[in-house]
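>>> Compute the structure for the input listed below.
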Amino acid sequence: MPGRRRFLRTAAALGLVAALGACATPEYTATKAQRDLETLGVTHAQSQCIVKGLRAYYSKQYVQLQYAQGVTTINPKEVDLYVRNKFAGQDTVSPSEISLTRRIAAGCGISG
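Below is the predicted model:
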């Protein structure tokens with residue numbers, strides 16, 4: 001049963017990250033998401049891995065969106081702002097983003 005309990009705790013943590021991100025509170029940052037994950041039992045290394053994975057995904061997403069609009073020069077500050085807004089919940093959390101978070105978590109050693 002410990003494996004099942006850990007899975008449920010992890011699922012709750014991922015749900016918390018998604019739900020809090022959707023609250024549109026600008027004060028909610030990647031650092032706070034990492035701390036919340038750790039509070040729910042995810043290790044420090046795993047929480048860092050999840051946040052790093054999400055940052056990488058959203059950075060790549062922003063660059064792809066810019067290129068699709070014909071932008072040829074990407075400003076790193078704009079990429080950082082886009083990523084911060086994603087963590088702050090400026091956009092709604094979609095089912096695909098929840099699925100993405102689960103895949104990232106699995107890659108960080110959190111299995112269900």
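>>> give me the element the residue lying closest to residue 34 once chain neighbours are set aside is part of.
Leaving out its chain neighbours, the residue that sits closest to residue 34 by CB to CB, 6 or more residues apart in numbering is residue 47, at 4.3 Å. All C-beta atoms are positioned from the backbone trio N, CA, C, and that covers glycine. Under the criterion of DSSP states H and E, residue 47 resides in helix 44-68.
>>> list the buried ones in that helix?
46-51, 53-55, 57-59, 62, 66 (16 or more other CB atoms under 10 Å).
>>> ok now do the residue nearest to residue 34, which residues does it touch?
33-35, 37-38 (CB atoms under 8 Å, 6 or more residues apart in numbering).
>>> What pLDDT is listed against it?
Predicted confidence (pLDDT) for residue 47: 92.
>>> same deal with residue 104?
On the pLDDT scale, residue 104 is placed at 92.
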